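Chemist: Kindly generate the corresponding structure for this input.
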Amino acid sequence: MSERGNLALQIVAWGCVLFGLYLASLQSYLLFHSLIEAFSIIVTAGIFLVAWNARRFLDNGYLLFIGLACPLVAFVDLLHTLAYKGMGVFPGTDANLPTQLWIAGRYLQSISLALAPSFLKRRLRVGAVSFAYFAATALILISLFAWDLFPDCFIEGKGLTPFKLSSEYWICLILIVAILRLHRNRAAFDPAVRTWIIWSLVATILSELAFTAYASVYGFANLAGHYLRLLAFYLLYKAIIETGLRRPYDLLFRNLKQSEEALIRARDELEVRVRDRTAELAAANEELRAHRDQLRALSAKAMTIREEEARRIARELHDEVGQSLTSLLLRLQGIEEMPSLEAGRQMAAELRPLVARTLGEVHNLIKAIRPGVLEDMGLAVALDRYVRGYAAATGLRVDFCAPGFEARRLPAEVETALFRIAQEALTNAARHAQAQTVSVTLTDREEAAVLVVEDDGRGFDAEAVRHSRGRPDRLGLLGMEERASLLGGKFTLESRAGRGTTVVVEIPLARAEGARA
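Modeler: Presented below is the predicted three-dimensional model:
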């Protein structure tokens, strides 16, 4: 059956029940009253049975406290029903006694509902609470039946007494406090259970207000009050008995259910965090692996460049210094074989230029490996001297310009890097470019040192070079780019066949100086 059909069926059933009760009130008001009170007593007893049998594992002190109060409330209501005018159980009594019992029962009920939220987070001592309720009920009954101390609530011919009316208002106020305390602790209840209890309390308040307006126990206001009482206890039945039997985890084990839900949420959050952390670690491992591979590649490049530099120096030593020293050795052997001293002197005189030239070549190699003028005089002076020596050695026309750098010093690593890049670019121009003119320019552009080496040689396909950096003849270009990148600089190579080659290196001085600091 659909939810709408079920609701319609409930409305029809309620209509039939209310109409049947109305017919019963017309036939016998005692029957009507007894049916209403019997239903409330049964519901009250049912709440006690649910709470009492679940007390050992119940984690809701609110329900247990109300359950302990229910037997005494039900007993007082039973006496109220039996004492009702016309029942004949208590001969010689009028409408005052049932009204007194009614007020006593409502005080017990309302005070219990107002105190119950106090035990949501406080340990409830079952024995002490049960004894307190038994003692209070016994005291009320003794004051009614033995001592005659309980105030009058109804006087024949006059109606309700001021005590009864004020008590009804006080009971309503206590029930309002119970609603407010229940709402304040709403997190401890299932939403449906909390709603049913609150509406039950509202119906009880309306019932009490109706009972302040009747002048006769058979009047309409009394009838309306009992209808509202029937509704209030039906809502309590829905909230506690039906929920406790059908969905105990929404009532009896609410805290356990909340703890389980919190654990599930914590588990889900932990799984998400573990998954995110695992992903972060995987990404970090991947990044670390990439850095490790990059370091290995850089190390391999550095070793290759170092070996190439060693081969170049060895080639220079072999081609220049080696040949000169070999020639010098042969001449010395010739001197030893000279027949006369005069001929030896003439040979020694011829050897002097060779020795001087060899010494100059050694000095040039020393300068190429680490020019002392770079440390002493700075980059501009070192480049100027190197360019002049390069022009003299190669026969090329070399123009050098360094405006503003004549007396300026840069960080040592910047000067070294730019000097080496200029060396490599000039060496490439002499060996491969077949250039006639080379231009070397050192400028300052937006807090960066810019080196430009440009030749008018035959040029080459720069795009093809970018895709063949692993070749041995391309290691010089790779070394220049690596030197620039280590200082956060930018290396640009521009070349086209027949159009010459331009090398541009730009190194930010602020970053280099910060790294040095």
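Chemist: only C-alpha atoms for contact and neighbour calcs from this point on.
Modeler: Noted.
Chemist: what are the C-alpha coordinates of stretch 174-188, in CSV please?
Modeler: The C-alpha trace of stretch 174-188 is given here as CSV (Å, rounded to 0.1, in the frame of the first residue of the first chain):
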residue,chain,number,x,y,z
ILE,A,174,5.8,22.3,33.6
LEU,A,175,4.9,20.6,30.3
ILE,A,176,6.2,23.6,28.4
VAL,A,177,9.5,23.3,30.3
ALA,A,178,9.6,19.6,29.4
ILE,A,179,9.2,20.6,25.7
LEU,A,180,11.9,23.1,25.9
ARG,A,181,14.3,20.7,27.6
LEU,A,182,13.5,18.0,25.1
HIS,A,183,14.2,20.4,22.2
ARG,A,184,17.5,21.5,23.8
ASN,A,185,18.6,17.9,23.8
ARG,A,186,17.1,17.0,20.4
ALA,A,187,20.4,15.4,19.2
ALA,A,188,19.8,12.6,21.6
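Chemist: residues in contact with that stretch?
Modeler: 110-111, 113-115, 117, 120, 194, 198, 201, 205, 254-255 (CA atoms under 8 Å, 6 or more residues apart in numbering).
Chemist: now, which of the residues you listed lie within strands?
Modeler: Assigned to strands by DSSP state E, none of these qualify.
Chemist: For these, give me a markdown table that also has pLDDT.
Modeler: Shown next, in a markdown table, are the contacts of stretch 174-188 (pLDDT from 0 to 100):
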| residue | pLDDT |
| --- | --- |
| S110 | 91 |
| I111 | 92 |
| L113 | 91 |
| A114 | 92 |
| L115 | 90 |
| P117 | 88 |
| L120 | 79 |
| R194 | 84 |
| I198 | 90 |
| L201 | 92 |
| I205 | 92 |
| R254 | 54 |
| N255 | 56 |
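Chemist: Quick one: mark the members of the residues you listed that sit in helices.
Modeler: S110, I111, L113, A114, L115, R194, I198, L201, I205, R254, N255 (DSSP state H).
Chemist: hmm, back to that, which among the contacts of stretch 174-188 gets closest to V503?
Modeler: N255 (75.9 Å; CA to CA).
Chemist: For the stretch 401-517 of the chain, which segments are assigned as strands?
Modeler: 437-444, 448-455, 490-495, 501-508 (DSSP state E, counting those that start in this stretch).
Chemist: before we move on, the earlier item: check the ones in helices among the contacts of stretch 174-188 and tell me the two furthest apart.
Modeler: Distance extremes for the ones in helices among the contacts of stretch 174-188: the farthest pair is I205 and N255 at 29.3 Å, using CA to CA.
Chemist: Settle it for me: which of the two has more neighbours?
Modeler: Using other CA atoms under 10 Å as the criterion, I205 and N255 rank with I205 on top: 25 against 20.
Chemist: Not counting sequence-adjacent ones, nearest residue to the more buried one?
Modeler: Nearest non-adjacent residue to I205, counting by CA to CA, 6 or more residues apart in numbering: C172, 5.2 Å away.
Chemist: Which parts of the stretch 351-500 of the chain are helices?
Modeler: Assigned by DSSP state H, counting those that start in this stretch, the stretch 351-500 of the chain shows helices spanning 372-377, 379-394, 412-428, 462-466, 475-486.
Chemist: quick one: buried residues of stretch 483-503?
Modeler: The neighbour-count check on stretch 483-503 (16 or more other CA atoms under 10 Å) flags 483-484, 487, 489-491, 493-495, 500-503 as buried.
Chemist: I'd guessed A391 sits against R397; true?
Modeler: Yes. At 6.1 Å, A391 counts as touching R397 under the criterion of CA atoms under 8 Å.
Chemist: burial count for A283?
Modeler: Other residues close to A283 by other CA under 10 Å number 12.
Chemist: my bad, should have said I36
Modeler: By the measure other CA under 10 Å, the count of residues near I36 is 20.
Chemist: That one reaches L230, doesn't it?
Modeler: Yes. The pair I36 / L230 is scored as a contact, 6.1 Å apart, by CA under 8 Å.
Chemist: which two in the contacts of stretch 174-188 are spaced the farthest apart?
Modeler: Greatest spatial distance among the contacts of stretch 174-188 (CA to CA): I205 and N255, at 29.3 Å.
Chemist: Could you pull up the residues touching A24?
Modeler: Listed by CA under 8 Å, 6+ apart, the contact set of A24 reads L31, F32.
Chemist: So in this protein, where's the weakest helix or strand by average pLDDT?
Modeler: The least trusted helix or strand in the chain, going by mean pLDDT, DSSP states H and E, turns out to be helix 509-516, with a mean of 53.
Chemist: Can you get me a residue count around the closest residue in space to R409 that isn't next to it in sequence?
Modeler: Among residues not flanking R409 along the chain, G378 sits closest, at 5.7 Å (CA to CA, 6+ apart). Applying other CA under 10 Å, we find 21 residues neighbouring G378.
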